[in-house]
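1. Whatever this is, show me its structure:
(one chain, ligands or ions: 3)
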Amino acid sequence: MLKIGCHLSISKGLYRAAEIAKSIDANTFQFFTRNPRGGRAKDLDMDEINSLKEFRRENEFAPLFAHAAYTMNLASKSEKTREFGRMILKDDLDRVRAIGDTYYVFHPGSHVGQGAEKGIELIAQALNEAIEEDNQTIILLEGMSGKGTEIGRNMEELKMIIDGVKNNEKLGIIIDTCHLYSSGYNIKDDLDGVLDEIDRIVGLDRLHAVHLNDTKVEFSSNKDRHEVIGEGLLGLDAIVDIINHPSLKDLPFNLETPNEPEDHKDEISLLRKEYKG
Ligand code: FE
Ligand code: FE
Ligand code: ZN
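-> Ligands and ions are numbered 1, 2, ... in the order given. As a prediction, this is how the structure comes out:
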């Protein structure tokens, strides 16, 4: 069974989002832990979390993705921004633990001119502080398209962050198909080669999840513009190869394409049809 879903709003709560996911034939979904541009998060309602757990069990959901706010920049130049980032990281990890069976996904950050090395050091430091000894949550660094001073533009940078974290058993990566292509990994013409490289640098055992997006921007452009599945420069054939690849086919996939839930339903049904298990 293909594990597929899409990014959904939780403005009406996590339980409602799970119902919407089910209604579009998804068995996972992604949500923002808090307003993606702001900082505040609603208090968790434990009754709702318990009903959600029940619902997910009944409907055999795959792990969910909790995506961090874009305002969380652990690599910032400003001590205040870093401090804020460390605070929401801690709080997010508490929340994700309570929700259960959910991967925590975040953009490593931007070094804003300090250099990637310094940024990587700051990110690893923050993770060292936030990850408790008994951490059970899988935390995933997202590979980025490499715009501006983004960190995580290649596998080497992701690996350096992982190596800088002591308690890193549960620290892994998530690939975003749009970002991979625009950061210069040719998953369209050489998927096997790219996966070999991910395995060589980071290790495929660290790869836990995929953001499945087509792209509006060219190969190696370092830009980040997602497109509806099959309508972009990757195209349907490349995406079908991705969901069926032996190294990827059992991972959970979430779409972040520019679509409303009703349209994601069509993307999901198309992908389910093309999935060979
Ligand atoms: Fe992301
Ligand atoms: Fe993404
Ligand atoms: Zn993106």
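
2. does Gly100 really touch Lys53, like I thought?
-> Yes - between Gly100 and Lys53 a contact is recorded at 6.3 Å, counting by C-beta atoms under 8 Å. In short, each C-beta sits where N, CA and C put it, glycine included.

3. Now do the phi/psi pair for the residue of the chain most remote from its centre.
-> Largest separation from the mean C-alpha position in the chain: Asp47, at 26.5 Å (C-alpha atoms, centre = their mean). Asp47 has phi and psi values of phi -60, psi -40 when expressed as degrees, to the nearest 10.

4. For burial, what's the neighbour tally of Glu83?
-> If you count neighbours by other C-beta atoms under 10 Å, Glu83 ends up with 11.

5. so where does it fall, helix or strand?
-> Using DSSP states H and E, Glu83 maps to helix 79-99.

6. now Gly172
-> Element membership for Gly172 (DSSP H and E) is strand 171-176.

7. distance between that strand and the chain's centre?
-> From the chain centre to the centre of strand 171-176 is a distance of 7 Å (C-alpha atoms, centre = their mean, to the nearest Å).

8. what about that strand and ligand 2, touching?
-> Yes - contact between strand 171-176 and ligand 2, assessed by C-beta under 5 Å from the ion, occurs at Asp176.

9. got the contact list for the helix holding Glu83?
-> Applying C-beta atoms under 8 Å, 6 or more residues apart in numbering, the contact partners of helix 79-99 are 14, 33-34, 39, 41, 44, 46, 49, 52, 64, 66, 68-69, 71-76, 102, 104, 106, 109, 122, 126-127, 129-131, 135-137, 139.

10. do that again at 6 Å, thanks
-> 33, 44, 49, 66, 68, 72-74, 76, 102, 104, 126, 130, 137 (C-beta atoms under 6 Å, 6 or more residues apart in numbering).

11. Over to stretch 22-36?
-> Under C-beta under 6 Å, 6+ apart, the answer for stretch 22-36 is 3, 5, 7-8, 10, 17, 21, 41, 59, 61-62, 64-70, 92, 252, 254, 261, 264-265, 268.

12. which ones are touching Arg200?
-> So Arg200 contacts nothing (C-beta under 6 Å, 6+ apart).

13. Just read off the phi/psi values of it.
-> Main-chain torsions, Arg200, degrees, to the nearest 10: phi -70, psi -40.
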